[in-house]
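# Dropping a prediction and its sequence here:
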Amino acid sequence: MSSFTQQITVRGRGARSNASGRFESQTREAFDDGWTLEDPQPAQLRTTLTAEKARTIIAKNDSPDVGFSRSINPYRGCEHGCIYCYARPAHAYMGLSPGLDFESQLFFKPEAAKLLEKELSAPRYRPEFIHIGGNTDPYQPVERETRITRSVLEVMERFGHPCSIITKSALILRDLDVLARLGARNLVRVAISVTSLDRRLARSMEPRAATPERRIGAIKALSSAGVPVSVMFAPVIPALNDHELEAVLERAAEAGASGAGYVVLRLPREIKDLFREWLATDHPDRAARVMSLVRQMRGGADYDFEWRTRMRGEGPIAQLLSQRFAAAKKRFGLEARFSGLDLSQFKVPPKAGDQGDLFDLG
């Protein structure tokens, strides 16, 4: 077989290849047999959606980096197709590729709301805020039809349970009614990811996510409705979008954001190869420069897995980025420290037919 790995141009997708997952006993790899057309039309790839039978819905972690210990992920895989997505390698556990499979072969949890009700109703359950979307986006396009995230929020509201959400989709505004009520009770906070204000760059990096302007619009609408909202400038990619840090924070502050965060580019496992392929096709003029700067923040490697440094990087470039971010937060008034969400309102609501209903005289 030729050592040439064929890169696939697929309309509306981020990855340029679909190599086998690392756990498969057999591997597949496209190669150039000489019959490739000089100017092929971009292929189309249909999204498939498979129901997943989950036994529990609240996931737990002990990471010191992410800021939460409990989370809910309504989906596996993400149709947004962000080339840098740190969740891509998890698709290998499903026997699928972290490449195009990740953004086209999706799994959803139709029983998420019922499972959540069951877990919150357990006698030994003790409330702690739950993050929605810590792995893949809870408001990716398929949410329009499945409405799983909406159903989860409705359970949170009924139980008076605090939660947080991160998304790069304006679809979150569909649920502004629930979010506004939760916000008024200090039961929710939202982070909107804005990676670039450059529409062409955003389309290249995040082909099926909302445009930058729609994300800024989402910040404004959420803030106007009384929902605490922050902006996440993530990932920061040196020589590609890092120069936009101040501009993104300024626009977010003007729209009503009161806090901000950032994460430097992470390239674990298969992502490093997928990202390199994408750079070679979409940004060949700066590909070498980008990877050189990435390695300078990672001790000479493409990535390091060390707790506490994997999100920020190390070395002079990482330090300068941290200083710029701190200065921009102060300049644009994004230093708000959100007060803790209210755990005291949590209460298991009575079910129809419970004895308490006998005393409800309407």
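Yep, it's here. Residues are numbered from 1 along each chain as shown.

# Look up how far residue 278 lies from residue 285.
Counting by C-beta to C-beta, to the nearest Å, the gap from residue 285 to residue 278 is 14 Å. From N, CA and C alone the C-beta is placed, and that goes for glycine too.

# ugh, typo on my part, it should be residue 172
To residue 278, residue 172 is 26 Å away according to C-beta to C-beta.

# of residue 285 and residue 278, who's got more company?
Set residue 285 next to residue 278 and count neighbours by other C-beta atoms under 10 Å: residue 278 wins out with 20 against 7.

# send the alpha carbons of stretch 313-331 over as PDB?
Extracted C-alpha coordinates of stretch 313-331, given in PDB (Å, rounded to 0.1, in the frame of the first residue of the first chain):
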ATOM      1  CA  GLY A 313       0.400  25.300  28.400                       C
ATOM      2  CA  GLU A 314       3.900  26.300  29.700                       C
ATOM      3  CA  GLY A 315       6.800  28.500  28.700                       C
ATOM      4  CA  PRO A 316       7.100  32.100  27.500                       C
ATOM      5  CA  ILE A 317       4.300  31.900  24.900                       C
ATOM      6  CA  ALA A 318       1.800  30.500  27.400                       C
ATOM      7  CA  GLN A 319       2.800  33.100  30.000                       C
ATOM      8  CA  LEU A 320       2.400  36.000  27.500                       C
ATOM      9  CA  LEU A 321      -1.100  34.600  26.600                       C
ATOM     10  CA  SER A 322      -2.000  34.400  30.200                       C
ATOM     11  CA  GLN A 323      -0.900  38.000  30.800                       C
ATOM     12  CA  ARG A 324      -2.800  39.300  27.700                       C
ATOM     13  CA  PHE A 325      -6.000  37.400  28.900                       C
ATOM     14  CA  ALA A 326      -5.800  38.800  32.400                       C
ATOM     15  CA  ALA A 327      -5.300  42.400  31.000                       C
ATOM     16  CA  ALA A 328      -8.200  42.000  28.600                       C
ATOM     17  CA  LYS A 329     -10.500  40.700  31.300                       C
ATOM     18  CA  LYS A 330      -9.800  43.700  33.500                       C
ATOM     19  CA  ARG A 331     -10.000  46.200  30.600                       C
END
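
# For the longest helix anywhere in the chain, name the packing helices and strands.
Using DSSP state H, we find that the single longest helix of the chain is helix 316-331. For helix 316-331, the packing partners by 3 or more C-beta pairs under 8 Å, 6 or more residues apart in numbering; DSSP states H and E come out as helix 245-255, strand 259-264, helix 287-296.

# looking only at pLDDT, what's the mean for the shortest one?
Translated: strand 259-264. Averaged across strand 259-264, pLDDT comes to 95.

# Which other helices and strands does whichever helix or strand comes after that strand contact?
Once the chain leaves strand 259-264, the next helix or strand it forms, by DSSP states H and E, is helix 271-282. Using 3+ C-beta pairs under 8 Å, 6+ apart, the elements in contact with helix 271-282 are helix 287-296.

# And the contacts of the helix it packs on?
Contacts with helix 287-296, where a contact means C-beta atoms under 8 Å, 6 or more residues apart in numbering, come from 237-240, 265, 267, 276, 279-280, 283, 301-302, 315-317.

# Would you indicate which residues of it are buried?
Neighbour counts over helix 287-296 (16 or more other C-beta atoms under 10 Å) mark 287, 290-291, 293-294, 296 as buried.

# Quick check: the residue nearest to residue 185 when sequence neighbours are not counted vs residue 123, distance?
Spatial nearest neighbour of residue 185, excluding adjacent residues (C-beta to C-beta, 6 or more residues apart in numbering): residue 345 at 6.3 Å. Residue 345 is 19 Å from residue 123, where distance means C-beta to C-beta.

# neighbour-wise, which of the two wins?
Ranked by neighbour count (other C-beta under 10 Å), residue 345 and residue 123 place residue 345 first, with 14 against 5.

# pLDDT score for that one?
97.

# Start at 777, not 1
Done: numbering now begins at 777, and the last item shifts to residue 1121.

# a strand runs through it, doesn't it?
No. Assigned with DSSP: H, G, I helix; E, B strand; the rest coil, residue 1121 falls outside any strand and is coil.

# which residues does it contact?
Residues in contact with residue 1121, defined by C-beta under 8 Å, 6+ apart, are 936-938, 961, 963.

# Just the buried ones out of those, please.
Among the contacts of residue 1121, the ones that count as buried by 16+ other C-beta under 10 Å are 936-938, 963.

# okay if I get the residues you listed as CSV plus pLDDT and secondary structure?
Compiled in CSV, the buried ones among the contacts of residue 1121 are given as follows (pLDDT from 0 to 100; DSSP: H, G, I helix; E, B strand; the rest coil):
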residue, pLDDT, secondary structure
936, 98, coil
937, 98, coil
938, 97, coil
963, 97, coil
